[in-house]
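1. what's the 3D shape of this:
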Amino acid sequence: MRLVNTELDVLKSGFPENESGVLKVEFSILVTKLHFYALLITKSPPASPPRDIMLQTGLAAALRIIRISTIPTASSSRLGNLGLPSVQRERSLPKNYYRGLAFATIFLITFFHLNSAASREEQESAASHISLAQGVFKTCSIDPLDEYARTSRLFEILARLPPGSSDPTKLRFTHRMGVSVLLHALRLADEVRGRPTEVPQGPKLDEPIPTYQSQPQDQELQPDMIYSIDQVNSDVDFLREFWGQPIMNILNFDAIYAPQE
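-> Numbers count the residues shown, from 1 in each chain. As a prediction, this is how the structure comes out:
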C-alpha cells in the first residue's frame, strides 16, 4: 500500500499548487486510493491494527473528496460567465467524478455513520459530509427519477438508519475493491425499502442456446461485415454470460422509494 500511495502522490506532485486542474487530479488520486483502502479494510481481520490504520486513512481521504466536490472549479466559473445555469455546469462534469463522490459518501456511511464502534467525533464528521454530498447530487438533479436524485435518495435512506444497523466487518462482498462497499450499501437500502435482496437463479446450463445463422444475401450486400460463425457465436455467448449473471441484478437502480414519513 505504501508503494501505491507513493506512486500516486508522484502524479500529483507534477502539478503546481496553483494549477487550475490540480483539484481534479487530487480528487481522482484520492478516489483511487480509497478503492485500495476499502479492499484492505474488507480483507483485514476485525480490530486488527492494519485495518484501524486504513480506516483512519480512508476517513481522511473520503472527507477530502467530498470537500473538493463543494469547491467551485475554474471551468465551472467560466461556464457561469457564459450564462449557463448552475445545474448545467455541475452536470457537465464526467460521470466518473460523481461515481467517486458517491463511493466516498457510501464509505463514510458504511464504516463510520452506521458503525457503532466509531467515535462520536467520527460519526458527526461523517454525518456533516454526507449531507454535503447529498446536496451536490440534489443540485445536479433535474427530475425526481434521474440518477442524481436516486443517489441522493439512497444517501437519505441509509443516513436515517441508527448506528449499528449494519456491521461493517461483515460485508456481503469482499472481492471487488470499493465496489464491494457499494454493493453492500445497495443491498442494505433494498432491505430498508422492502425490496427482494436474494440473487435469482440463472438459466440452466442444459437450456438450448440460440445461434446466429448467417444469410448469404446479407453477405453479398455487405462483404466488409462478414464474420465467421465461430466468432459471432463467441461474442453472443460472452454478452449472454456477462449480462445474464445474477449478480448484475444488484445494480438495478429502479426508482422505488420508501414511503415518506
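2. residue ranges of the strands in this protein, please?
-> Counting by DSSP state E, one finds no strands in the chain.
3. tell me the domain boundaries of it?
-> Following automatic domain parsing, one gets these domains for the chain: 2-73+81-198+245-251, 204-233.
4. Now tabulate those domains in JSON lines and tack on mean pLDDT and mean neighbour count.
-> Using the backbone N, CA and C atoms, a C-beta is placed for each residue, glycine as well. Output for those, formatted as JSON lines (pLDDT from 0 to 100; neighbours: other C-beta atoms under 10 Å):
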{"stretch": "domain 2-73+81-198+245-251", "mean pLDDT": "83", "mean neighbour count": "17"}
{"stretch": "domain 204-233", "mean pLDDT": "47", "mean neighbour count": "9"}
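5. how close does the residue lying closest to residue 157 once chain neighbours are set aside get to residue 153?
-> Counting by C-beta to C-beta, 6 or more residues apart in numbering, residue 157 lies nearest to residue 189, which is 5.2 Å off, once chain neighbours are set aside. Distance of residue 189 to residue 153, computed by C-beta to C-beta, to the nearest Å: 9 Å.
6. Residue 109 now?
-> 13 Å.
7. Repeat that for residue 28.
-> 26 Å.
8. before we move on, the earlier item: does the residue nearest to residue 157 really touch residue 160, like I thought?
-> No. Residue 189 lies out of contact with residue 160 (C-beta atoms under 8 Å); the separation is 10.5 Å.
9. Do a quick rundown of the helices in the chain.
-> Per DSSP state H, the chain carries helices over the ranges 2-13, 22-43, 49-69, 74-81, 86-91, 95-108, 120-140, 147-159, 178-192, 216-221, 229-243.
10. Make TSV out of those helices and add distance to residue 168.
-> What follows is the helices of the chain, written out as TSV (distance: least, C-beta to C-beta, whole Å):
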stretch	distance to residue 168
helix 2-13	22
helix 22-43	8
helix 49-69	9
helix 74-81	34
helix 86-91	31
helix 95-108	10
helix 120-140	12
helix 147-159	13
helix 178-192	9
helix 216-221	55
helix 229-243	30
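11. any idea how far residue 63 is from residue 120?
-> 16 Å.
12. what do you get for residue 17?
-> 20 Å.
13. go on, residue 90?
-> Residue 90 is 20 Å from residue 63, by C-beta to C-beta.
14. before we move on, what about residue 48?
-> Distance from residue 48 to residue 63, by C-beta to C-beta: 23 Å.
15. do the same with residue 134
-> Taking C-beta to C-beta, one finds residue 134 at 15 Å from residue 63.
16. quick one: contacts for the residue nearest to residue 116 when sequence neighbours are not counted?
-> Spatial nearest neighbour of residue 116, excluding adjacent residues (C-beta to C-beta, 6+ apart): residue 164 at 3.9 Å. Contact partners of residue 164, counting by C-beta atoms under 8 Å, 6 or more residues apart in numbering, are 114-116.
17. 10 Å instead, please
-> 114-117 (C-beta atoms under 10 Å, 6 or more residues apart in numbering).
18. ditto for residue 47
-> 117, 169.
19. start at 15 instead
-> In the new count, where the first residue is 15, that last one comes out as residue 61.
20. what's the distance between it and residue 183?
-> Residue 61 is 8 Å from residue 183, by C-beta to C-beta.
21. what's the overlap in contacts for these two?
-> residue 131.
22. now residue 50: how far from residue 57?
-> From residue 50 to residue 57 the distance is 11 Å (C-beta to C-beta).
23. wait, what's in contact with the closest residue in space to residue 127 that isn't next to it in sequence?
-> Once flanking residues are discounted, residue 127 sits nearest to residue 140: 4.7 Å by C-beta to C-beta, 6+ apart. Residues near residue 140 by C-beta under 10 Å, 6+ apart: 73, 76-77, 80, 119, 121-129, 132, 173.
24. what does residue 134 give?
-> residue 177.
25. now with 8 Å?
-> If you count contacts by C-beta under 8 Å, 6+ apart, residue 134 has none.
26. Would you mind measuring from it to residue 177?
-> Distance from residue 134 to residue 177, by C-beta to C-beta: 10 Å.
27. I'm done for today, thanks for sticking with me.
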